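K.L.:
3D model of this:
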Amino acid sequence: MRSRLAGWAFLVPLVAYLAVCYAYPLFTNVDLSIRGYTVRSFVSGGAPLVGFANYATVFGDPTFRTALLNTVLFTVISLFFQYTIGLAAALFFARGFRLSATLRALFLVPWLLPLIVSASTWAWLLNSESGLVNAALKVVGLGPVNWLTSPEWSLVSVTIANIWIGIPFNLVVLYSGLQNISRDVYEASALDGASGWQTFWHVTFPLLRPVSAITLLLGLVYTLKVFDVIWIMTKGGPSGSSTTLATWSYELGFGNVLPRFGPSAAVGNVLILIAVVAGLLYIRVQRRQELS
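P.N.:
Modelled structure (predicted):
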């Protein structure tokens with residue numbers, strides 16, 4: 001009985017934390033999305049139940065298609081380059097050389113900086129009038145680019161900034177995964193006459209697959225909810241060209257004179273649903289790999 005009570009005693013803080021910090025906010029957000037909240041009813045309560053009317057409003061809004069497409073492009077491109085560059089850097093540092101630890105520490109700087117600092121720095125670098133990027137383009141004889149104020153370049157700009165921020169995370173996790181691969185496997189492949197590319201493709205990459213899967217999953221969840229980088233750099237503009245579901249949710253709830261809490265919560269729940277589906281797919285893939 002004592003051991004059981006001790007087990008429950010250790011479990012209670014975790015359950016309380018999950019209930020307060022995850023279950024209650026999720027329940028509240030679902031409640032917001034199915035009621036017709038106004039500023040008055042949000043404070044005093046008593047908002048009428050409207051069912052899925054807020055979701056119908058969101059799905060019928062032309063901004064939803066733009067925000068969804070931008071979210072997909074922003075997420076997929078960010079994950080691809082973050083993972084690819086992070087993996088290349090991890091393979092480079094895994095070789096071991098002088099100053100390797102120092103350079104790895106420097107690579108962590110974008111990850112350690114507050115996002116408001118990183119976003120503000122990139123906004124300054126990409127400024128059309130006084131940015132260093134346009135200054136560099138001028139040196140090589142190219143014209144300036146309106147990185148943050150042009151509909152053609154705004155999404156590209158925030159994506160570049162997000163890729164830069166996410167590379168260190170991929171580097172750290174993938175580098176740790178590479179350290180867990182036995183040297184004997186590489187020695188065996190060398191004895192079989194495998195080239196460097198063959199060793200990577202048939203040995204390193206398959207053995208790194210479990211680590212890669214969790215890295216991409218965590219990156220997906222993080223990238224879906226990126227808000228501050230986009231809001232600081234472009235505020236989702238111009239003309240909604242860099243609006244994602246995360247920024248649109250904020251804009252609906254807090255960016256207007258008359259907040260639309262219901263549709264804002266509905267957009268947030270769409271993001272949660274996408275993340276949950278990705279998590280379930282990850283679990284299914286992992287189970288298949290374990291069974292095989």
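
K.L.:
For the longest helix along the chain, buried residues please.
P.N.:
Counting residues, the longest helix found in the chain (DSSP state H) is helix 62-94. By 16 or more other CB atoms under 10 Å, the buried positions in helix 62-94 come out as 63-64, 66-68, 70-71, 74-75, 77-79, 81-83, 85-87, 89-91, 93. To be clear about C-beta, it is placed using only N, CA and C from the backbone, and glycine gets the same treatment.

K.L.:
Which strands or helices does it pack on?
P.N.:
Other elements packing on helix 62-94 under the criterion 3 or more CB pairs under 8 Å, 6 or more residues apart in numbering; DSSP states H and E are helix 100-107, helix 154-179, helix 209-224, helix 245-254.

K.L.:
Would you mind pulling up the elements that the first one packs against?
P.N.:
Using 3+ CB pairs under 8 Å, 6+ apart as the contact definition, the elements that helix 100-107 packs against are helix 62-94, helix 154-179.

K.L.:
Could you list the low-pLDDT ranges of the stretch 101-250 of the chain?
P.N.:
Judged by pLDDT under 70, the stretch 101-250 of the chain has no weakly predicted residues.

K.L.:
The helix or strand hosting Arg288 to helix 62-94, inter-axis angle?
P.N.:
For Arg288, the host element (DSSP states H and E) is helix 261-291. Computed by axes from the mean of the first three to the mean of the last three CA atoms, to 10 degrees, the angle separating helix 261-291 from helix 62-94 equals 40 degrees.

K.L.:
Tell me the buried residues in helix 261-291?
P.N.:
Buried, per 16+ other CB under 10 Å, within helix 261-291: 261-271, 274-275, 278, 282.

K.L.:
That one vs helix 209-224, what angle?
P.N.:
Relative orientation of helix 261-291 versus helix 209-224 (the same axes, to 10 degrees): 180 degrees.

K.L.:
Report the central residue of this protein.
P.N.:
Residue closest to the mean C-alpha point of the chain, counted by CA atoms, centre = their mean, is Thr223 at 1.5 Å.

K.L.:
How about that one: what's its closest non-neighbour residue?
P.N.:
Of all residues not flanking Thr223 in the chain, Thr75 sits nearest, at 4.7 Å (CB to CB, 6 or more residues apart in numbering).

K.L.:
List the residues that contact that neighbour.
P.N.:
Leu220, Thr223, Leu224 (CB atoms under 8 Å, 6 or more residues apart in numbering).

K.L.:
Tell me how far the second one lies from Phe74.
P.N.:
In this structure, Thr223 and Phe74 are separated by 7 Å, where distance is defined by CB to CB, to the nearest Å.

K.L.:
Pull up the overlap in contacts between these two.
P.N.:
By CB under 8 Å, 6+ apart, Thr223 and Phe74 have these common neighbours: Asn162.

K.L.:
buried stuff in stretch 182-190?
P.N.:
Ser189.

K.L.:
Can you classify Val226 by secondary structure?
P.N.:
Following DSSP: H, G, I helix; E, B strand; the rest coil, we place Val226 in the coil state.
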